[in-house]
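predicted model and sequence below, questions to follow.
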Amino acid sequence: MASEKQNNGIFLPGPSRALGRLAYLDDLRALATVFVICAHTVSLAQTFLPPGSTVYRVLDISELAFLPSNQLFIMISGALLLPVTHEKISTFFLKRCSKVALPLVVYYILYVCAKEGLVWLRPDHWYPLFIRILCGEPVEAPHFWLVYAIFRLYLLTPFFRWILRRIPDTVLAGVVFVFFAINTVYLYAPVSWWGWTGHLEPVVNSLAGAFLLGYFLSGSDRVSDGNIGRKASWVYPAENILIAGGALAFFWFSFLILNTETYIRHFHQGEPLVLLSAAAIFLLVRRAEEGRREKNTLPAITVPVRLLSRYSFSILLIHWGVLHYVVKQVLRVDVLSGGIVGGCLLTSALTLAISAAGAVIVEHLLILPLQKLLFKISSRAR
């Protein structure tokens, strides 16, 4: 059972304190789910405000606090998937197809049908719908880009596993440093360098660095074939540097937002300041649980965290429609009411609650039965 849960990736069922060393990832998964909803709520509020105004910039700082959500999802995935060594490639991709691709297809169809009608369920529309899914996220759900990015990382996962089994952590630390350096050069190099730095864009946009960083930051919490890794003496000081860097990055970014006109160029998924903040959050949550473990005060996982962690993938997929249609249009909640803060809090809370309820319903009515059917078919094929 433990090995199955370790292989589930970032979104998938099974938070459990019985896993001990991996339990903090449940907290991170739930936290990232809340962050992504808050980030989109703040972004919605900004559409009603004049760009560049003081309130608009304050909301940008709030969005900055939630921006590491995407990196956290990918880092959690790297921490869970990359340590696994003895798993057949066919088994790996079958699990990903069942646990990630299938929910994506289900929600993709739900979004398209909700916007364009049930005509897409007719057999003569299946092929063009299939092509649309292959081409990327729909206009009805632009946030699906994250799942497509994760799929690309999944294609590289067997190769990453093979490489990571053959290099020491010191070399991996060097790879992480190079990734940070490449992102820094790409974003902060003089304009005259663009002809050269433009070639770095595929590396920056791949998010592979965040994937590897999650594996690296899992440190002694990595579990592979029953063996728990040990930290080298240099790891803890390096982690302290990342935590301090994450805090400084947030304050420096906030300074840029309040005092410059070009700060928007830094709102980028590969932004090293945002990645530093994500690394700091990852380490602080992991260390908090390490402290509870050492004091033998590890509490039972709370129901809200269990719910958010268990259904985080479905919540991630459904929340966009809940926010922009159910909360905004049906319930007519004003995101700017209550002095903006009140409106944003109410909107985020309603979006989270309704998304969680919707995720539970869709998963049990559609996704789980389809997953069982897929496994039956695959079992017979063997």
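Okay, I see it.

any regions of the stretch 1-150 of the chain where pLDDT drops low?
Low-confidence segments of the stretch 1-150 of the chain (pLDDT under 70): 1-21.

the strands in it, which residues?
Ranges of strands in the stretch 1-150 of the chain, per DSSP state E, counting those that start in this stretch: none exist.

ok, which stretches of it are helices?
2-6, 23-46, 54-66, 69-81, 89-96, 102-116, 126-135, 145-164 (DSSP state H, counting those that start in this stretch).

do the stretch 201-350 of the chain as well
Counting by DSSP H, counting those that start in this stretch, the helices of the stretch 201-350 of the chain are 201-206, 208-217, 235-259, 272-294, 303-310, 312-321, 341-362.

hey, least reliable of these by pLDDT?
The minimum mean pLDDT among the helices of the stretch 201-350 of the chain belongs to helix 201-206 (a mean of 65).

how near is the residue nearest to the spatial centre of the chain to L336?
What sits nearest the mean C-alpha location of the chain, by Cα atoms, centre = their mean, is F73, with 2.3 Å. With distances taken as Cβ to Cβ, to the nearest Å, F73 is found 29 Å from L336. Where you see a C-beta, it was placed from the backbone N, CA and C, and this is true even at glycine.

so the residue nearest to the centre of the chain makes contact with V147?
No: applying Cβ atoms under 8 Å, one finds F73 not in contact with V147, separated by 9.4 Å.

for these two, list the residues in contact with both.
L316 (Cβ atoms under 8 Å, 6 or more residues apart in numbering).

can you get me a residue count around W252?
14 (other Cβ atoms under 10 Å).

Provide a list of residues in contact with V327.
Taking Cβ under 8 Å, 6+ apart, one finds 333, 347, 350-351, 354 in contact with V327.

what of S90?
Going by Cβ under 8 Å, 6+ apart, the list of residues near S90 is empty.

nearest residue to L308 in space, please, no chain neighbours.
In space, L308 comes closest to A30 once its chain neighbours are excluded; the distance is 3.7 Å by Cβ to Cβ, 6 or more residues apart in numbering.

next: A244.
A244 sits nearest to A280 (Cβ to Cβ, 6+ apart), 8.0 Å away.

now swap in L275 and tell me
Nearest one to L275, counting by Cβ to Cβ, 6+ apart, is Q71 at 5.7 Å.

give me the neighbour count for that neighbour.
27.

ok, V326 next?
18.

any idea how far H319 is from it?
On the measure of Cβ to Cβ, V326 and H319 end up 10 Å apart.

which neighbours do these two have in common?
Counting by Cβ under 8 Å, 6+ apart, the shared contacts of V326 and H319 are T351.

flag every buried residue along stretch 287-307.
289-290, 301, 305-307 (16 or more other Cβ atoms under 10 Å).

now stretch 54-71
Quick answer for stretch 54-71 (16+ other Cβ under 10 Å): 57-71.

what do you get for stretch 253-262?
253-254, 256-257.

distance from the chain centre to that stretch, please.
26 Å (Cα atoms, centre = their mean, to the nearest Å).

do the same with stretch 306-326
13 Å.

what's the span of that stretch, first residue to last?
24 Å (Cα to Cα, to the nearest Å).

in that stretch, what counts as buried?
Neighbour-count burial for stretch 306-326 [16+ other Cβ under 10 Å]: 306-323, 326.

swap in stretch 74-85?
Using 16+ other Cβ under 10 Å as the test for burial, stretch 74-85 gives 74-84.

stretch 334-351 too?
335-336, 340, 343-344, 346-351.

which one among the residues you listed gets closest to L134?
T351 (29.0 Å; Cβ to Cβ).

need the contact list for the spatially closest residue to the closest one that is not a sequence neighbour.
Leaving out its chain neighbours, the residue that sits closest to T351 by Cβ to Cβ, 6+ apart is L323, at 4.6 Å. Shown in contact with L323 (Cβ under 8 Å, 6+ apart): 37, 40-41, 44, 347, 351.
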